[in-house]
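Chemist: Build me a model:
(3 chains)
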Amino acid sequence: MKPTDQNPPEPRNFFQDVHEVARLIPRGRVSTYGAIAHYLGARHGARTVGYAMMAAHTADQFVPAHRVVNRLGHLTGRLHYATPFAMQEALEAEGIRVEEDRVVDFAKLFWDPSTELA
DNA sequence: CAACTGACCGACG
DNA sequence: ACGTCGGCCAGTT
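Modeler: As a prediction, this is how the structure comes out:
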């Protein structure tokens, strides 16, 4: 085997995995950075998940990044959209109520991959 | 090429 | 109860 050719079996980056999980979030439900990180085995990787969401626009396929909020149900990523309200509007279009940049009934709408995909 | 930065979260004092 | 710090990854300057 040549040292230059044979590379890691799965060049699948962490970002790639995050995007894939994000696409699994059902319409009308929301998940969190920490939950996704934990599901992928990166307990301290919540931050990285956030970075992955920011890089979501570079992904090949559409990533419903608006369904990912922080652990408080707060729309932390709203400032990264075309307009500061684009994220909220996208959520409301799915039947999710948002007040004060916060998901209403977040606890009920919370979709945890570790639980749902178990 | 090396350093900086950026959608977070939990632990500790 | 509040402020601070460490841990994680990849793209850009």
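
Chemist: Neighbours of residue A:31, how many?
Modeler: When neighbours are counted by other Cβ atoms under 10 Å, residue A:31 registers 24. For glycine as for every other residue, the C-beta is placed from the backbone atoms N, C-alpha and C.

Chemist: how many neighbours does the closest residue to residue A:78 other than its chain neighbours have?
Modeler: Leaving aside its sequence neighbours, residue A:78 sits nearest to residue A:87 (Cβ to Cβ, 6 or more residues apart in numbering; 4.2 Å). Close neighbours of residue A:87, defined as other Cβ under 10 Å, add up to 24.

Chemist: now residue A:105
Modeler: A count of neighbours around residue A:105, defined by other Cβ under 10 Å, yields 10.

Chemist: OK, contacts around it?
Modeler: Taking Cβ atoms under 8 Å, 6 or more residues apart in numbering, we find residue A:105 in contact with residue A:97.
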